[in-house]
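Enquirer: Test case, fold it:
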Amino acid sequence: MSKGDVLYSSVGISFWGGIDPLTGNVIDTTHPLHKESISNKILVIPSGRGSCTGSQVMLELILNGKAPRAIILRDPDSILCTGAIIAEEFFQYECKENIPIICAIGEENFTKLLDDKYDSLSIEVLCEEDICIHNGEDEILAKDLLKLKNTVDTPHVTSSKAEELALRTIKRVAAISKSKELIPISSAHIDAVTYIGQGGLRFVKRLVEFGGKVKVNTTLNSQSCDRRRWKELGVDKSLAHNANSVGDAYLYLGCELSFTCAPYLLASKPKKGDNICWGESNAVVYSNSVIGARTEKYADYFDICAAICGVVPNTGVHIEENRAPTIVIDATILIKNLLPSIKAKDDLSYDKQGFDSFFPAMGLICGNLSDGGIPLILGFDQLPTVSSDHLKAFCAAFGTTGSSPLFHMAKITPETMGVMTVTKMIDNCADKYVEVTKKDLCHAYETLDSGNDDQEDVSLIALGNPHLRYVIMFIS
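Expert: Residues are numbered from 1 along each chain as shown. Below you'll find the model as predicted:
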């Protein structure tokens, strides 16, 4: 029986950027649990959200002894589970007591937990995978997502200890989605090259030590500092050493010398319909939505496991019917009312900041409004132009607030080009409909510009990646 204090929130949280891996404190200033500590608590949230690096934070929390005692989710979250699975598979002897119970209880039970909000909950382990949550007089039966039985029937021959551990990781993640088969991929993109702690460095070094090599074309995300000019940029020597060590290890595994979080701009980018395994939330959303390739929002660490094995579970948006939208987000009236100023090149001019900032603001809004579903977004086809840079900015923002790896933008993205197709998608969403208002847009701008008003001096100017283009530096 596990009993502990509870933290409740109806808002999902991105562990990367939202929780300090050294302390377990919530550091996302926009989240209702800001300044709370999840360490040794029972955390009740609908899901994780945003970055694929949440799995890295989970691993560091476990290795640092700062993980929650349990995480009770509304929806299964393979990103958070992957961090715990990696801890068990690669570091089992040093962190066995720190592995949290992770379960998903569905919308009805989750809503009841939020309504009741008991100060403490008890979680009873009934057998290896079955658990019972004692909520006052009520009991909720659930499965520990980390203890699920294997569901994959696809045979796969491994050639190294690294591939063996990678395959076990893939199968355990596959069990969360009840996937029964593994399918080949044509490429992978590794988000886990970011250094956030010793756990990630030790993990990739073990893959090298155990003879790991990638089987498909594999690109690398941006690492944590400039590989060559870190000293001139004032980067701490210890951070630079660790960051380069992570990058070097992934290169040794056979990954391409790319170091970009926009692999969809490379010559090796996938084609529509390709099954791939990409980490990095903006790249995942872009590849699915704008290119029409097929990838889940794969967790850091899972990405390199898939690259080593060359396979992923046949689940989620890899399957045609699962790519259908589940909610309509209608910006038609909002954009129609903004069109006069756009065409006049006034408030939302193409050569001023306003029009460019409209896309990340709308990405932020649509990610929040999608509530875990795949949205069909209406109204953007009214704009005189929607460029790849606009979509890149939209995808990056959508990826930070939404948990879905895919959106459809009517008459803009490749799977929504026909009028009949869009009409059918709208009909299939039934009553799942929400309209974007001017109030939503104003709130998004306020959120994105939420610095400390009491601080007059600007202490940091960040040039965004992947949003920044070389030409923008001169236009601005």
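Enquirer: how close does Lys424 sit to Pro325?
Expert: Distance of Lys424 to Pro325, computed by Cβ to Cβ, to the nearest Å: 10 Å. For glycine as for every other residue, the C-beta is placed from the backbone atoms N, C-alpha and C.
Enquirer: Repeat that for Lys143.
Expert: Applying Cβ to Cβ, the value for Lys143 to Pro325 is 28 Å.
Enquirer: cool, and Pro375?
Expert: On the measure of Cβ to Cβ, Pro375 and Pro325 end up 6 Å apart.
Enquirer: any idea which element Pro270 lies in?
Expert: Assigned by DSSP states H and E, Pro270 belongs to no helix or strand.
Enquirer: List the residues that contact it.
Expert: By Cβ atoms under 8 Å, 6 or more residues apart in numbering, the residues touching Pro270 are 186-187, 276, 287, 291, 293.
Enquirer: Just the buried subset of those, please.
Expert: 187, 276, 287, 291, 293 (16 or more other Cβ atoms under 10 Å).
Enquirer: Which strand residues bridge the first one?
Expert: It stands for Ser187. Asn217 (DSSP bridges).
Enquirer: Quick check, it in contact with Cys255.
Expert: No - judged on Cβ atoms under 8 Å, Ser187 makes no contact with Cys255 at a distance of 11.1 Å.
Enquirer: which residues of the chain score low on pLDDT?
Expert: Low-confidence segments of the chain (pLDDT under 70): 1-4, 50, 341-354, 450-456, 464-476.
Enquirer: returning to that earlier point: out of the buried ones among the contacts of Pro270, which is nearest to Asp457?
Expert: Closest approach to Asp457 among the buried ones among the contacts of Pro270 (Cβ to Cβ): Ser287, at 39.8 Å.
Enquirer: Give me the distance between the nearest residue in space to that closest one that is not next to it in sequence and Gln92.
Expert: In this structure, Ser287 finds its nearest non-sequential neighbour in Ala293, 4.5 Å apart by Cβ to Cβ, 6 or more residues apart in numbering. When distance is defined by Cβ to Cβ, Ala293 is 35 Å away from Gln92.
Enquirer: thinking again about what came up before, what's the overlap in contacts for Pro375 and Pro325?
Expert: Both Pro375 and Pro325 are in contact with 407-408, where contact means Cβ under 8 Å, 6+ apart.
Enquirer: Buried residues, the one helix or strand Glu94 maps to. List them.
Expert: Counting by DSSP H and E, the element that carries Glu94 is helix 78-95. Going by neighbour count (16+ other Cβ under 10 Å), the buried part of helix 78-95 is 78-91, 95.
Enquirer: who's in contact with that helix?
Expert: By Cβ under 8 Å, 6+ apart, helix 78-95 touches 15, 48, 52, 54-59, 61-63, 67, 71, 73, 96, 98-100, 102, 145-146, 165, 168-169, 172-173, 176-177, 199, 202-203, 206, 296-297, 299-302.
Enquirer: Show the buried residues in the residues you listed.
Expert: Buried, going by 16+ other Cβ under 10 Å: 15, 48, 52, 54-59, 61-63, 67, 71, 73, 98-100, 102, 145-146, 165, 168-169, 172-173, 176, 199, 203, 206, 296-297, 299-302, out of these.
Enquirer: Among those residues, name the ones in strands.
Expert: Using DSSP state E, the members of the buried ones among the contacts of helix 78-95 that fall in strands are 71, 73, 102.
Enquirer: how close does Lys336 get to Asp381?
Expert: Separation of Lys336 from Asp381 (Cβ to Cβ) stands at 11 Å.
Enquirer: Between these two, which is the more surrounded one?
Expert: A direct count of neighbours by other Cβ atoms under 10 Å for Lys336 and Asp381 places Asp381 higher, at 15 against 11.
Enquirer: Name the nearest residue to that one, ignoring sequence neighbours.
Expert: Lys411 (4.0 Å).
Enquirer: Tyr218 - how many residues pack around it?
Expert: Actually, residue 218 is Thr rather than Tyr. So Thr218, with other Cβ under 10 Å, has 26 neighbours.
Enquirer: Against Arg168, how distant is it?
Expert: For Thr218, the distance to Arg168 - Cβ to Cβ - is 20 Å.
Enquirer: Same question for Gln92.
Expert: Taking Cβ to Cβ, one finds Gln92 at 12 Å from Arg168.
Enquirer: need the contact list for Gly363.
Expert: 393-399, 401.
Enquirer: Kindly apply the preceding question to Gly292 instead.
Expert: So Gly292 contacts 272-273, 413-415 (Cβ under 8 Å, 6+ apart).
Enquirer: Using ChimeraX, define a selection of the buried residues within those residues.
Expert: Entered in ChimeraX, the line below selects the buried ones among the contacts of Gly292, by 16+ other Cβ under 10 Å:
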select :413,415
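Enquirer: In three-state terms, label His443 for me.
Expert: The three-state label given to His443 by DSSP: H, G, I helix; E, B strand; the rest coil is helix.
Enquirer: Near it, how many other residues are there?
Expert: So His443, with other Cβ under 10 Å, has 15 neighbours.
Enquirer: how's this structure carved up into domains?
Expert: Domain ranges of the chain: 2-143, 161-321, 324-475, per automatic domain parsing.
Enquirer: so how far is the first one off the chain centroid?
Expert: With Cα atoms, centre = their mean, to the nearest Å as the basis, the distance from the averaged C-alpha position of domain 2-143 to the chain average is 16 Å.
Enquirer: do the longest one as well
Expert: Relative to its parent chain, domain 161-321 has a centroid offset of 13 Å by Cα atoms, centre = their mean.
Enquirer: what about the nearest residue to Val235 once chain neighbours are set aside, distance to His156?
Expert: Closest residue in space to Val235, ignoring its immediate chain neighbours: Cys225 at 4.6 Å, by Cβ to Cβ, 6+ apart. Look at Cys225 and His156: by Cβ to Cβ, they are 36 Å apart.
Enquirer: neighbour-wise, which of these two wins?
Expert: Using other Cβ under 10 Å as the criterion, Cys225 and His156 rank with Cys225 on top: 20 against 14.
Enquirer: need the contact list for the more buried one.
Expert: Residues in contact with Cys225 (Cβ under 8 Å, 6+ apart) are 233, 235, 239-240, 243-244.
Enquirer: farthest-separated two in these?
Expert: Farthest-apart pair in the contacts of Cys225 is Leu233 and Asn244; separation 13.3 Å (Cβ to Cβ).
Enquirer: who has more neighbours, those two?
Expert: Asn244 (18 against 10).
Enquirer: Show me what whatever helix or strand that one lives in is packed against.
Expert: Using DSSP H and E, the element containing Asn244 is helix 237-252. If you count contacts as 3 or more Cβ pairs under 8 Å, 6 or more residues apart in numbering; DSSP states H and E, helix 237-252 packs onto helix 198-209, strand 217-220.
Enquirer: Following element in sequence after it, please.
Expert: Counting by DSSP H and E, what follows helix 237-252 is strand 277-278.
Enquirer: What is the subsequent helix or strand relative to that next one?
Expert: Strand 277-278 is succeeded, C-terminally, by helix 281-286 (DSSP H and E).
Enquirer: So which other helices or strands are in contact with that following helix?
Expert: Here helix 281-286 touches helix 388-401, going by 3+ Cβ pairs under 8 Å, 6+ apart.
Enquirer: How about the helix it packs on, which residues are buried there?
Expert: For helix 388-401, using 16+ other Cβ under 10 Å, the buried residues are 389-401.
Enquirer: what's the helix or strand just after that helix in contact with?
Expert: Per DSSP H and E, the first helix or strand lying C-terminal to helix 388-401 is strand 408-409. Residues from elsewhere that reach strand 408-409, judged by Cβ under 8 Å, 6+ apart: 289, 325, 374-377, 380-381, 386, 391, 415-416, 425.
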